[in-house]
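A.B. asks: curious how this folds, go ahead:
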Amino acid sequence: MKAMTLKENGGIENFSLSEIEKPEANAGEVLVKVKAISINPVDAGVRRDNATLQRMLRPKEGEDTFILGWDISGTVEETGSGVKEFKKGDDVFGMVNFPGNGRAYAEYVAAPANQLALKPKNVPHEEAAAATLAALTAWQGLVTKAKIKKGDKVLVHAAGGGVGHYAVQIAKSFGAYVVGTGSSSKRDFVVSLGADEFIDYASEKCENKVKDADIVFDSIADGEHLLRSIDAAKKGGSVVSIKSNFGDEHLKEAKTRGILTFRILVQSNGEDMKQISNLMAEGKLHSHVSAKYRFEDLPKAHRQIETGKTIGKIVVMV
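C.D. replies: Okay, the predicted model is just below:
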């Protein structure tokens with residue numbers, strides 16, 4: 001089978017389209033014939049960083065290259081022993097073995113069945129693949145950690161980005177009042193997702209506009225920005241961070257203000273994927289795919305994600 005392999009960390013020139021052995025479905029796994037792959041900022045980050053590359057993506061015995069990727073949508077080719085929830089021919093999607101070795105940049109992926117969900121029939125593979133790592137991050141931050149409920153006021157930073165555009169929609173599906181931040185060029189897009197208010201981060205400070213957020217969902221890698229998010233939350237509220245760690249200063253300020261803090265790293269979870277699948281089937285959650293690339297052009301998708309200016313998601317078709 002074809003796979004996009006990586007000899008060593010560094011630039012996109014280190015990718016190589018290779019022919020490798022097709023995997024088999026072990027006990028508890030399904031073999032998925034991949035139709036679409038989603039690209040995330042973390043993909044590029046792991047590609048660049050040797051320590052993370054070596055820790056997360058240990059090559060199989062006899063291999064001397066790495067295979068990146070975690071987000072897939074495709075069709076079940078075979079099932080391993082003990083798998084009862086899926087059968088050959090089922091269309092499935094999910095985030096595979098994150099954090100760990102998903103080996104998703106390939107024509108076939110052996111994935112734990114308990115990390116996947118059935119793809120809704122009304123959702124194309126490219127939109128399903130997009131709604132994996134990014135959508136799971138939003139779900140686990142808002143629902144699992146912050147316990148979002150109807151009537152909550154939710155401030156979503158970078159609301160037009162990969163994770164942010166799912167966070168807005170998930171919050172609205174719970175009946176929350178949503179304020180989204182972003183660049184002025186993304187205003188119309190964020191409002192179209194259902195946001196009740198929009199803040200242009202370049203001309204307005206969120207903490208001056210919002211003082212009573214029940215939940216602040218922060219996807220900005222900036223410790224100073226995290227302090228501003230704490231300022232925007234009300235007493236008893238929650239701040240969820242997906243990129244910045246809470247330092248002593250943050251924790252002290254949050255404790256003084258009676259605010260809960262959550263630093264999350266998304267985890268593969270089939271039950272959460274089923275909830276996302278249900279929202280998509282009901283038309284309450286949509287993936288905005290701003291660019292699609294051919295498999296052989298996957299390195300170009302990495303170049304795009306590194307601009308930091310992508311609206312919604314980037315997908316590679318296999």
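
A.B. asks: do a quick rundown of the strands in the stretch 201-318 of the chain.
C.D. replies: 213-218, 233-241, 260-263, 289-294, 313-317 (DSSP state E, counting those that start in this stretch).

A.B. asks: highest mean neighbour count out of these?
C.D. replies: Greatest average neighbour count among those goes to strand 213-218 (a mean of 27), per mean count of other C-beta atoms under 10 Å. (Each C-beta comes from the backbone N, C-alpha and C, glycine too.)

A.B. asks: let me have it in CSV, keeping just the CA atoms, if that works.
C.D. replies: Provided in CSV are the C-alpha atoms of strand 213-218 (Å, rounded to 0.1, in the frame of the first residue of the first chain):
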residue,chain,number,x,y,z
ALA,A,213,-18.4,33.8,30.9
ASP,A,214,-19.4,30.5,32.4
ILE,A,215,-16.8,28.8,30.2
VAL,A,216,-13.9,30.3,28.3
PHE,A,217,-12.4,28.0,25.7
ASP,A,218,-8.9,29.1,25.0
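
A.B. asks: partners of that strand, with directions?
C.D. replies: Partner strands and pairing direction for strand 213-218 (DSSP bridges) are strand 153-156 (parallel), strand 233-241 (parallel).

A.B. asks: for residue 114, find the nearest of the ones you listed.
C.D. replies: Nearest to residue 114 among these is strand 233-241 (24.7 Å), distances taken as C-beta to C-beta.

A.B. asks: what's in contact with that closest one?
C.D. replies: Applying C-beta atoms under 8 Å, 6 or more residues apart in numbering, the contact partners of strand 233-241 are 141-142, 145-147, 155, 211-219, 226, 229-230, 254, 257-264.

A.B. asks: re the thing from before, got JSON lines for the strands of the stretch 201-318 of the chain, with mean pLDDT too?
C.D. replies: Below are those laid out as JSON lines (pLDDT from 0 to 100):
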{"stretch": "strand 213-218", "mean pLDDT": "98"}
{"stretch": "strand 233-241", "mean pLDDT": "98"}
{"stretch": "strand 260-263", "mean pLDDT": "98"}
{"stretch": "strand 289-294", "mean pLDDT": "97"}
{"stretch": "strand 313-317", "mean pLDDT": "98"}
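
A.B. asks: nearest to residue 188, of those strands?
C.D. replies: Of all these, it is strand 289-294 that lies closest to residue 188, at 14.0 Å by C-beta to C-beta.

A.B. asks: which other helices and strands contact that closest one?
C.D. replies: helix 125-130, helix 298-305, strand 313-317 (3 or more C-beta pairs under 8 Å, 6 or more residues apart in numbering; DSSP states H and E).

A.B. asks: and the last one with strand 289-294, angle?
C.D. replies: Angle of strand 313-317 versus strand 289-294, following axes from the mean of the first three to the mean of the last three C-alpha atoms, to 10 degrees, is 20 degrees.

A.B. asks: cool, and the second one?
C.D. replies: Angle between the axes of helix 298-305 and strand 289-294 is 160 degrees (criterion: the same axes, to 10 degrees).

A.B. asks: could I get the CA-only coordinates of helix 298-305 as PDB?
C.D. replies: The C-alpha trace of helix 298-305 is given here as PDB (Å, rounded to 0.1, in the frame of the first residue of the first chain):
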ATOM      1  CA  LEU A 298       0.000  15.900   1.400                       C
ATOM      2  CA  PRO A 299       3.200  17.900   2.100                       C
ATOM      3  CA  LYS A 300       1.400  21.000   0.600                       C
ATOM      4  CA  ALA A 301      -1.300  20.500   3.200                       C
ATOM      5  CA  HIS A 302       1.300  20.800   5.900                       C
ATOM      6  CA  ARG A 303       2.600  24.000   4.400                       C
ATOM      7  CA  GLN A 304      -0.900  25.400   4.500                       C
ATOM      8  CA  ILE A 305      -1.600  24.400   8.100                       C
END
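
A.B. asks: point out the other helices and strands that that helix packs with.
C.D. replies: Using 3+ C-beta pairs under 8 Å, 6+ apart: helix 298-305 touches strand 15-19, strand 29-39, helix 41-48, strand 289-294, strand 313-317.
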